[in-house]
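> generate a structure from the sequence data that follows.
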Amino acid sequence: MWRPVSLQMRAVAAFAHLVFKPRMATAERGRARVAAPKGPSGPPSAVRRRHDVTTRRVGGFDCHTVAPRGRRAERAAVYLHGGAYIGETAPQHWALVSRMADAGVRVEVPSYGLAPRHTYREAYPFLTEVYRQLTTEVDASAVTLVGDSAGGGLALGLAQTLAGAGLPQPRRLVLIAPWLDLTISNPDVPAVEQRDPWLSSAGLHEAAAAWAGGDDPTDPRLSPLNGSLAGLAPVDLYVGTRDICLPDARLLRDRAAAAGTPFRLEECEGAVHVYPLVPAPEGRAAAREIVRSVAG
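Prediction:
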């Protein structure tokens with residue numbers, strides 16, 4: 001059923017256009033963002049006060065566990081944050097993690113290394129080991145892989161490699177506006193990009209090149225749209241219609257159907273990139289649905 005775009009979503013779009021869009025609008029600005037110093041990526045004090053939080057080193061990187069305080073978690077999730085592979089875990093990511101923990105979910109938040117210092121070549125062994133360790137404590141049938149934007153692409157890529165690592169599929173994949181193809185070559189992207197108030201392909205190409213580290217960006221570990229979808233866990237994907245990730249999300253839906261993989265695509269009219277993370281009614285409703293799915 002069609003619903004009008006909320007005033008809050010319109011305000012978020014206007015803010016993104018003024019503040020975020022210019023940051024990656026050109027290749028030069030994209031390179032500057034790639035080279036910029038990285039900020040802290042650990043759990044903020046509010047999350048530490050509200051939940052049981054521990055941090056451990058796994059293969060040279062930090063992994064944070066955020067668990068409900070005072071009760072045993074029956075469900076678990078691995079949350080992979082977005083940020084074009086160059087940005088650290090942001091407050092909106094921690095807010096969703098905190099909501100999952102409030103719902104009784106143990107959430108693993110791996111701080112994978114960011115480009116340009118690190119590439120996907122280090123991320124996959126790290127994330128595979130985090131998942132392996134989690135599934136020795138919690139059955140995979142109770143685990144959900146969750147990721148937004150770049151982290152959504154990484155979550156799908158990880159799921160595609162689990163069988164090769166001798167690991168079971170999780171219960172579900174929840175992908176929030178995933179970056180599925182680093183080449184951004186879908187012919188439907190330019191038309192959507194004109195409506196996207198946030199993302200620009202010119203700058204994203206620079207982030208993609210840094211994350212690939214000289215390797216072929218069409219490799220499924222970088223562009224999981226090109227990987228096998230057979231045998232994957234059921235997928236829920238959330239994307240707005242003002243998001244350049246939309247065309248590839250639709251293409252992934254079609255390819256999943258051909259592979260026989262259960263797939264639910266939730267398109268939100270007028271919504272911006274990673275809309276379940278933004279302060280608008282559409283975002284709050286989607287976040288509630290995601291938390292119920294992960295905790296249910």
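
> what sits closest to G113 if chain neighbours are left out?
Of all residues beyond its chain neighbours, the one nearest G113 is E122 (5.3 Å), with distances taken as C-beta to C-beta, 6 or more residues apart in numbering. No exception for glycine: its C-beta is placed from N, CA and C like everyone else's.

> residues in contact with stretch 161-173: which ones?
Contacts to stretch 161-173, defined as C-beta atoms under 8 Å, 6 or more residues apart in numbering, come from residues 78, 124, 128, 131-132, 135, 140-146, 155-156, 159, 221, 231-236, 293-294.

> tell me the SS of V78?
strand (DSSP: H, G, I helix; E, B strand; the rest coil).

> leaving out chain neighbours, which residue sits closest to it?
Counting by C-beta to C-beta, 6+ apart, the residue nearest V78 is E108, at 4.7 Å.

> what do you get for R255?
L229 (5.6 Å).

> for that neighbour, give me its contacts.
L229 neighbours (C-beta under 8 Å, 6+ apart): 160, 252, 255-256, 259, 261.

> do the same with V146
So V146 contacts 77-80, 100, 155, 173-176, 290, 294 (C-beta under 8 Å, 6+ apart).

> beta partners of it?
V146 has the following beta-bridge partners by DSSP bridges: Y79, V174.

> what about it, distance to A212?
Using C-beta to C-beta, to the nearest Å, V146 is found at 24 Å from A212.

> next: L145.
22 Å.

> out of those two, which sits in the busier spot?
L145 (29 against 22; other C-beta atoms under 10 Å).

> so which residue is smack in the middle of the chain?
For the chain, the residue nearest the mean C-alpha position is D148 (2.0 Å; C-alpha atoms, centre = their mean).

> what's in contact with stretch 64-77?
Contacts for stretch 64-77 (C-beta under 8 Å, 6+ apart): 42-43, 47, 50-56, 97-98, 100-111, 134, 138, 142-146, 294-296.

> and if we set it to 6 Å?
43, 51-55, 97, 100-101, 104-109, 138, 142-144, 146, 294-295 (C-beta atoms under 6 Å, 6 or more residues apart in numbering).

> could you do stretch 264-274 as well?
Contacts of stretch 264-274 (C-beta under 6 Å, 6+ apart): 5, 9, 12-13, 16, 148-149, 176-177, 198-199, 236-243, 253, 275, 282.

> what's the ChimeraX syntax to select whichever of those residues are buried?
This is how ChimeraX selects the buried members of the contacts of stretch 264-274, with burial counted by 16 or more other C-beta atoms under 10 Å:
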select :5,9,12,13,16,148,149,176,177,198,199,236,237,238,239,240,241,242,243,253,275,282
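
> you'd agree Q169 is in a helix?
No - assignment of Q169 by three-state DSSP gives coil, placing it outside any helix.

> A230 versus that one, what's the distance?
Applying C-beta to C-beta, the value for Q169 to A230 is 11 Å.

> which one's more surrounded, the two?
For Q169 and A230, the more surrounded residue by other C-beta under 10 Å is Q169, and the numbers stand at 18 against 12.

> of the contacts of V146, closest to R33?
Distance ranking of those against R33, using C-beta to C-beta, places L80 first at 19.8 Å.

> that closest one reaches L154, doesn't it?
Yes - counting by C-beta atoms under 6 Å, L80 does reach L154; the two are 4.9 Å apart.

> intersection of neighbour lists for these two?
Residues touching both L80 and L154 by C-beta under 6 Å, 6+ apart: G147.

> re the thing from before, which of the contacts of stretch 64-77 are buried?
Here, 16+ other C-beta under 10 Å leaves 43, 51, 53, 97, 100-101, 104-109, 138, 142-144, 146, 294-295 buried among the contacts of stretch 64-77.

> so which of those residues are in helices?
97, 100-101, 294-295 (DSSP state H).

> can I get the residues you listed in a markdown table including distance to D181 and pLDDT?
Below are these laid out as a markdown table (distance: C-beta to C-beta, whole Å; pLDDT from 0 to 100):
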| residue | distance to D181 | pLDDT |
| --- | --- | --- |
| V97 | 27 | 98 |
| M100 | 28 | 98 |
| A101 | 32 | 98 |
| V294 | 26 | 98 |
| A295 | 31 | 97 |
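
> if we take those residues, which one ends up nearest to Q194?
Of these, the one sitting nearest to Q194 (C-beta to C-beta) turns out to be V97, at 33.1 Å.

> return the distance of that closest one relative to P170.
17 Å.

> now tell me what touches the host helix or strand of V130 from outside.
Taking DSSP states H and E as the criterion, V130 maps to helix 120-137. Residues outside helix 120-137 that contact it (C-beta under 6 Å, 6+ apart) are 58-59, 61, 63, 108, 110, 112-113, 158, 165, 211, 221-222.
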